[in-house]
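[1] can't give you the sequence, but here's the structure:
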């Protein structure tokens, strides 16, 4: 029996899956990961906690599968994007990782935004890796290498410094057309390209385990891997252009595949174009706090679970009785990017209760999805339907709201946690168990449910857009000057 292990390094947990050669999931296990917020707008994780979580998650997944670690043919990793890990010559972290939620580098986007957009097809934003490198260096960190979270784990396992083009294309340092680090942008950020990982295909073998991992023998191949924005749709079988994708985890990523690079030429671009492991391009909004916003609302309303929030929201009318939620708990990503924006509940009256607030939160997150889906359609991409991935697809109430808000059918993936499965696909191809990602994608099951548009929420959506525009001037103040 030949097995592969897929790993998803998420924001709240690290998950490992054990799959057979046909990519059937035999077992999985996840281990929580803590995030620290030293100041408003800052978000850090300890890379050592990733190392420990990886060992534990893989060991317990193998045990749950009743699998022999000697049968593992390869390991694939995927994980959170827009992080930055500084390491020394031995590969040890020099500083806590600045993760995607971290917004401290607002004064460190030193390249010309127009050139960043033209060369990388990404937006010049403080959340991307190049700005975080500049911040760390300005605060005394001298690294031998700069890693993303996934490439950090690959380096810890194999000693190889490797990153796939999709991952590299999120850094503000990658020339998308050339498929290589941009000397121009590296110079603009004063970054030596030799301090960055080598760019290699996601399905190539980065190296072999230097030491056993949870009983898996040293010498086992480890794939280069990719970022979670890409592994998540890949794990659902998405390898070619078609429908739009809405992946709902802690963050929500909405995008669509294209057969060529697409430039969002709006005055304030909302979308970025990244390389994709199958050879296509992923045109996406990198995401806002979504599942995390649901957990926030559940806690703030004194509820015990997301299911209770769903039930409460279902008891309120469409439009939430005029209550509007702006989903900017970690900055606004739609309809324009405003890293210093804060979330807002507007339109409250004495007649409103918890049900109206619960409904407003789910609707506000769906409004942000519509911002992106409408922009994708304007660019000629995926206007027909949306495939929902991630834990958010478990909510029938929320998925129906999404269909109503966007006026598009929403199909729900039969698998909710596809990122680790996408990583397992990369491992299977790297190990030669499958010939390519197209073959891997054919193992994915069809969607489990379809939600058709019902009640129109166009008026509520227009109210949200108007509110967003009116709050714009309040979104310019850096969080560092606002005390929680």
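    Sure thing, it's come through. Source: prediction; values computed, not measured. Numbering: from 1, shown residues only.

[2] going forward, measure contacts between C-alpha atoms and count neighbours the same way
    Noted.

[3] buried residues in the top helix by length along the chain?
    As far as residue count goes, and with DSSP state H defining each element, the longest helix of the chain is helix 354-378. Judged by neighbour count using 16 or more other C-alpha atoms under 10 Å, the buried positions of helix 354-378 are 354-373, 375-376.

[4] Ok, stretch 440-451 next?
    The neighbour-count check on stretch 440-451 (16+ other C-alpha under 10 Å) flags 440, 441, 444, 447, 450, 451 as buried.

[5] Stretch 411-423 now?
    Of the residues in stretch 411-423, those scored as buried under the neighbour-count criterion (16+ other C-alpha under 10 Å) are 411-423.

[6] Now intersect these with the strands, please.
    Counting by DSSP state E, the part of the buried residues of stretch 411-423 found in strands is 411, 412.

[7] Output the buried residues of stretch 411-423 in TSV, with distance to residue 251 and pLDDT appended to each entry.
    Shown next, in TSV, are the buried residues of stretch 411-423 (distance: C-alpha to C-alpha, whole Å; pLDDT from 0 to 100):
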residue	distance to residue 251	pLDDT
411	19	97
412	17	97
413	17	95
414	20	94
415	18	89
416	14	80
417	14	82
418	15	95
419	13	96
420	16	97
421	18	97
422	18	98
423	19	98
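
[8] now, which of the buried residues of stretch 411-423 lie within helices?
    Using DSSP H to define helices, the subset of those located there is 419, 420, 421, 422, 423.

[9] And the first one, how far from residue 246?
    If I follow you right, that is residue 419. Using C-alpha to C-alpha, to the nearest Å, one obtains 13 Å as the distance from residue 419 to residue 246.

[10] what do you get for residue 10?
    Separation of residue 10 from residue 246 (C-alpha to C-alpha): 17 Å.

[11] Repeat that for residue 178.
    The spacing between residue 178 and residue 246, counted by C-alpha to C-alpha, is 29 Å.

[12] quick one, which of those two is more surrounded?
    With other C-alpha atoms under 10 Å as the criterion, residue 178 and residue 246 differ in neighbour count, and residue 246 comes out ahead with 28 against 10.

[13] sec struct for the more buried one, please.
    Taken by DSSP: H, G, I helix; E, B strand; the rest coil, the conformation at residue 246 corresponds to strand.

[14] Just to check, it is in contact with residue 232?
    No: in terms of C-alpha atoms under 8 Å, residue 246 does not count as a neighbour of residue 232; the distance is 9.9 Å.

[15] any shared contact partners between the two?
    Counting by C-alpha atoms under 8 Å, 6 or more residues apart in numbering, the common neighbours of residue 246 and residue 232 are residue 389.

[16] quick one, domains of the protein?
    Following automatic domain parsing, one gets these domains for the chain: 3-233+418-441, 239-412+454-481.

[17] Quickly compare those domains and say which is most buried.
    Across these, the average number of neighbours (mean count of other C-alpha atoms under 10 Å) peaks for domain 3-233+418-441, which reaches a mean of 22.

[18] show me the contacts for residue 10.
    When contacts are counted by C-alpha under 8 Å, 6+ apart, residue 10 touches 79, 80, 228.

[19] One more pass at 6 Å, please.
    Residue 10 is in contact with 79, 80, counting by C-alpha atoms under 6 Å, 6 or more residues apart in numbering.

[20] For residue 61, see how far away it is.
    Relative to residue 61, residue 10 is positioned 16 Å away (criterion: C-alpha to C-alpha).

[21] Averaged pLDDT, the longest helix of the chain. What do you get?
    The average pLDDT within helix 354-378 is 97.

[22] hmm, back to that, so of the buried residues of stretch 440-451, which ones are in strands?
    The strands in this structure, assigned by DSSP E, contain 450, 451 from the buried residues of stretch 440-451.

[23] Throw the buried residues of stretch 440-451 into CSV and include distance to residue 393, thanks.
    Output for the buried residues of stretch 440-451, formatted as CSV (distance: C-alpha to C-alpha, whole Å):
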residue, distance to residue 393
440, 22
441, 20
444, 16
447, 11
450, 11
451, 11
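
[24] Grab the nearest non-local neighbour of residue 38.
    Setting aside the residues directly before and after it, residue 38 is nearest to residue 44 in space (C-alpha to C-alpha, 6 or more residues apart in numbering), at 7.9 Å.
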